[in-house]
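Asker: Fold the following for me, if possible:
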Amino acid sequence: MTRPIHASPDSAAARALRALERAGDRAFGADANPLRQLGALAVLALWIAIGSGCIVYVFFDTSAAGAHESLARLAREQPWFGGLARSIHRYSADAFMLLAVAHVAREWIHRRYAGFRWFSWITGVPLLWLILIAGLVGYWLVADTRAQFVATAIGEWAGAVPGVGDAMLRNFITDEAISDRLFSLLVFMHLGIGLLVLLGLWVHVQRLVRPFTQPARRLALGFGATLALLAAAVPALSTAPADLSRMPLPVPIDWFFLAPLVLVEWTSPAVVWLLAVAATVLLVVLPWTVRQARPAPAEVDLAQCNGCGRCFDDCPYGAVVLAPRSDGRRHAQQAVVAADLCASCGICVGACPSSNPFRSVEPLATGIDLPELPVAALRTKLRDALAARPGATVVFGCDEGAALERVDAPGVVKLSLACAAQLPPSFVDYALRHGAARVLVASCGEHACAYRFGARWIEQRLAGAREPALRAHLREPRLRLIEADRGEEDRVRAALAARGELSGAQSIKHRGDGAEALQSSVSSVVREQPSKAAEFTTENTEGAEKSRNRNFVSSVLNAPAGPARVRHSEP
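Answerer: Just a heads-up that it's a prediction; the model follows:
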């Protein structure tokens, strides 16, 4: 299978970022690593800014004469409520801008902007402009010398637009222009743009199923506490009131928002416009600069599809929907793939109950499949390899994770999939029955998964907590699940070298090198089944509530696992 255009790159920047993220895993734990949850943290910062802003607005005087004094009164008379809220508002807004830019940079380095991801990327570009404008208007409302600098620089910057000219500048820096009407307009803009940012975020995640908009609780609490401590230690205070009769003295600069205006003063408005427009155009066209062809999307075989809905529920991008049956067969529904949304990750293939290598139908076909690596070809490769190497260890890997071609080990059969969750659990049984000594499944890890839920789904399926579930008697010492991201081939080698040291179908969660990854942090998936099952139930309930097929999908997902399930799925 050719590597897709959205595959994780192996550039120096990508390797450095992955190393930094792994260091964050060791420092904070994978579940609370801020580097892996930049987008969710940005959303949290926005909500904190909105909440604290509402408190400030209660005490804010929207008149031109009273704006500065009302904010100064907050710091003077109620430093531990209104004043603290204002400081939190300032620092959470800064954090929102910083985290949004960092999120864009991270996705760019990981090359998660092309192919099926283009929509999320493009809809994020105008959000950067909206955040910047909202911040500039917020500083303008303070009516201090920094606000005077902001108004003057904005006037110069806007005045460089053809057809605007110096008249724009005079509207911002004369006593006649500074009126209550102007401040009412600025308040309306500040609030209205904030609402537009919320709307933009909603559009931004429309093509994601169960979007990550909330960071882990421990991380969220730590983030909130950090903002509160910063606000208490370094309160955000106004400078002297604006005096339009003279140019303001040097003022403190918030580089998160005011950097473009500083560039206006250092260079010229035309230069800043050129840089801003060029950067925006570059971000917009970036998804189409990748020339490699997209892999073929998943295809549905109606002769094998019974409309069970598992592919629909497991797809991370909403590319699979359920529609009324079109072929007249007895099943009520059928899966339909939206090709432009499909990531070609194969998670739907691993979810399909017809993806069973023990089926007698020839050639082997399944309800939904990837044309470039169908289950029939996977079964053939596995069967032929085991026939040539009886007693071998079979390693199922992920194209986005550790590169199996770099793992040289005798007596090993290596099969790399688009995603570890493309592997139907029944293939583990098939490999063991056809002579494999043991099976190793290497995913890129829940918090590093290029396809969002792939690592989580394969872990739950092998643990028996998600359908299609691996049968209980197969979760024995001969099956191991590990996390090995790109560049972590040593973890695969260490797992292969640890023959027979661990018992039970186990999942390695610790991020370390070599044998360290196989120490006390190894946890048994079998023992975790109650909590995993609860998580599975909650997630599928949420997904089903978003669908028009809730009752039908729930009835399928709650059916008992085992051979009867497989027989029922065969057309």
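Asker: From now on I want contacts and neighbour counts done on CA atoms only, so please keep to that.
Answerer: OK.
Asker: Any stretches of the stretch 51-200 of the chain with poor pLDDT?
Answerer: Where the stretch 51-200 of the chain drops to pLDDT under 70, the residues are 165-176.
Asker: again, only this time at 80
Answerer: Across the stretch 51-200 of the chain, the ranges flagged by pLDDT under 80 are 163-177.
Asker: do the same with the stretch 351-500 of the chain
Answerer: Applying pLDDT under 80 to the stretch 351-500 of the chain flags the ranges 474-477, 499-500.
Asker: which residue ranges form the helices in it?
Answerer: 375-388, 426-433, 454-462, 489-497 (DSSP state H, counting those that start in this stretch).
Asker: Adding mean neighbour count and distance to residue 18, write these out as JSON lines.
Answerer: What follows is those, written out as JSON lines (neighbours: other CA atoms under 10 Å; distance: least, CA to CA, whole Å):
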{"stretch": "helix 375-388", "mean neighbour count": "17", "distance to residue 18": "30"}
{"stretch": "helix 426-433", "mean neighbour count": "20", "distance to residue 18": "30"}
{"stretch": "helix 454-462", "mean neighbour count": "26", "distance to residue 18": "17"}
{"stretch": "helix 489-497", "mean neighbour count": "20", "distance to residue 18": "14"}
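Asker: I'd like these written out as a markdown table, with distance to residue 46 added.
Answerer: Below are the helices of the stretch 351-500 of the chain laid out as a markdown table (distance: least, CA to CA, whole Å):
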| stretch | distance to residue 46 |
| --- | --- |
| helix 375-388 | 44 |
| helix 426-433 | 45 |
| helix 454-462 | 28 |
| helix 489-497 | 38 |
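Asker: And those: which comes nearest residue 115?
Answerer: For these, the distance to residue 115 is smallest for helix 454-462, at 18.3 Å, taking CA to CA.
Asker: Which helix in this protein has the most residues?
Answerer: Counting residues, the longest helix in the chain under DSSP state H turns out to be helix 82-109.
Asker: Counting by contacts, list what that one packs against.
Answerer: Under the contact definition 3 or more CA pairs under 8 Å, 6 or more residues apart in numbering; DSSP states H and E, helix 82-109 sits against helix 12-28, helix 38-59, helix 67-77, helix 118-140, helix 217-233, helix 255-266.
Asker: the inter-axis angle of the last one versus helix 82-109?
Answerer: So that's helix 255-266. Calculated by axes from the mean of the first three to the mean of the last three CA atoms, to 10 degrees, helix 255-266 forms an angle of 80 degrees with helix 82-109.
Asker: average model confidence for helix 255-266?
Answerer: On average, the pLDDT along helix 255-266 is 95.
Asker: can you give me the angle the helix or strand that that helix is followed by makes with helix 255-266?
Answerer: The helix or strand immediately downstream of helix 255-266 is helix 269-285, counting by DSSP states H and E. With the same axes, to 10 degrees as the basis, helix 269-285 and helix 255-266 are set at 140 degrees to each other.
Asker: and whichever helix or strand comes after helix 269-285, which strands flank it?
Answerer: Downstream of helix 269-285, the next assigned helix or strand under DSSP H and E is strand 299-300. Strand 299-300 has its sheet partners listed here by DSSP bridges as strand 368-369 (antiparallel).
Asker: Please work out which residues outside the strand it pairs with touch it.
Answerer: Strand 368-369 is contacted by residues 298-301, 305, 346, 348-349, 352, 375 when judged by CA atoms under 8 Å, 6 or more residues apart in numbering.
Asker: Of the helices and strands packed on helix 82-109, which is nearest residue 152?
Answerer: For the helices and strands packed on helix 82-109, the distance to residue 152 is smallest for helix 255-266, at 9.2 Å, taking CA to CA.
Asker: Mind checking the helices of the stretch 351-500 of the chain for the one nearest to residue 239?
Answerer: Proximity to residue 239 (CA to CA) singles out helix 454-462 among the helices of the stretch 351-500 of the chain, at 50.8 Å.
Asker: and the closest one, how far from the chain's centre?
Answerer: Centre-to-centre, helix 454-462 and its host chain are 17 Å apart (CA atoms, centre = their mean, to the nearest Å).
Asker: Kindly report the same for stretch 48-55.
Answerer: In this view, stretch 48-55 has its centroid 25 Å away from the chain centroid, taken as CA atoms, centre = their mean.
Asker: and that stretch, C-alpha only, in CSV?
Answerer: The C-alpha trace of stretch 48-55 is given here as CSV (Å, rounded to 0.1, in the frame of the first residue of the first chain):
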residue,chain,number,x,y,z
ILE,A,48,-12.1,31.0,30.3
ALA,A,49,-11.7,34.3,28.4
ILE,A,50,-15.4,34.4,27.7
GLY,A,51,-16.4,33.7,31.3
SER,A,52,-13.9,36.2,32.8
GLY,A,53,-14.9,38.7,30.1
CYS,A,54,-18.5,38.5,31.2
ILE,A,55,-17.5,39.4,34.8
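Asker: tell me, how many neighbours does residue 187 end up with?
Answerer: For residue 187, the count of nearby residues is 18 (other CA atoms under 10 Å).
Asker: That one and residue 434, how far apart?
Answerer: Here the distance between residue 187 and residue 434 works out to 71 Å (CA to CA, to the nearest Å).
Asker: try residue 155
Answerer: Counting by CA to CA, the gap from residue 155 to residue 434 is 75 Å.
Asker: Residue 188 too?
Answerer: Noted for residue 188: a distance of 70 Å to residue 434, by CA to CA.
Asker: Got the domain ranges for this structure?
Answerer: Per the record, the chain has its domains at 25-288, 359-569, by automatic domain parsing.
Asker: possible to save these as JSON lines with distance to residue 312?
Answerer: Conversion of these to JSON lines gives the following (distance: least, CA to CA, whole Å):
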{"stretch": "domain 25-288", "distance to residue 312": "10"}
{"stretch": "domain 359-569", "distance to residue 312": "9"}
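Asker: Out of those domains, which gets nearest to residue 322?
Answerer: domain 359-569 (7.6 Å).
Asker: nearest to residue 283, of the helices of the stretch 351-500 of the chain?
Answerer: helix 454-462 (27.8 Å).
Asker: Work out for me the element residue 252 sits within.
Answerer: Applying DSSP H and E, one finds residue 252 in no helix or strand.
Asker: need the contact list for residue 187.
Answerer: Going by CA under 8 Å, 6+ apart, residue 187 touches 62, 141.
Asker: how many degrees apart are the one helix or strand it maps to and helix 118-140 in direction?
Answerer: Element membership of residue 187, judged by DSSP H and E, is helix 180-204. Computed by the same axes, to 10 degrees, the angle separating helix 180-204 from helix 118-140 equals 160 degrees.
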